[in-house]
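Need coordinates for the following:
(one chain, ligands or ions: 1)
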Amino acid sequence: MKNKIIKINDSVPDVVLMPAEDFKMPELKIVVADDKEHVKYCRHDQVKIWKYHRTVQCANCGASVDPFEWLLNIANFQAGQVSQLKWLHNEVKWKTEEIESLDRKIRERKKQIKSL
Ligand SMILES: [Zn+2]
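Presented below is the predicted three-dimensional model:
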């Protein structure tokens, strides 16, 4: 097919229109799959470790799991558990001291009542 030349004026170079069928789309080397509709919520609590392929896969939903992200989530979860355990330990200590104080007050009142 012959190229079409458009002449605008003498001060502007001619515009050459390429025939559409001569244009070849480049081949894509990487295709990004839109798998959003297949994504379901999963916490990936259990994983399978594939030694040969050196990959990690969720044992529940089958999704590929980033090993670093998975370990980081476990570490953060455990740090949160330890923090909560420390808080609970202190809470038990404070409540125990409060109970002991109340118990002392009750004994003192009982002594006062007996002395009357
Ligand atoms: Zn999962």
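
residues touching residue 7, list them.
14, 15 (Cβ atoms under 8 Å, 6 or more residues apart in numbering). For the C-beta atoms, the positions are set from N, CA and C on the backbone; glycine is no exception.

Name the residues of this structure found near the ion, please.
Counting by Cβ under 5 Å from the ion, the residues of the chain close to the ion are 42, 44, 58, 60, 61.

In ChimeraX, how would I select just the buried ones from the residues you listed?
To isolate the buried members of the residues of the chain next to the ion in ChimeraX, using 16 or more other Cβ atoms under 10 Å:
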select :44,58
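
Can you lay out the residues of the chain next to the ion as CSV showing distance to residue 80?
Shown next, in CSV, are the residues of the chain next to the ion (distance: Cβ to Cβ, whole Å):
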residue, distance to residue 80
42, 20
44, 17
58, 21
60, 22
61, 23
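
export the residues of the chain next to the ion to a markdown table and tack on pLDDT and secondary structure?
Formatted as a markdown table, these follow (pLDDT from 0 to 100; DSSP: H, G, I helix; E, B strand; the rest coil):
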| residue | pLDDT | secondary structure |
| --- | --- | --- |
| 42 | 91 | coil |
| 44 | 91 | coil |
| 58 | 94 | strand |
| 60 | 93 | coil |
| 61 | 92 | coil |
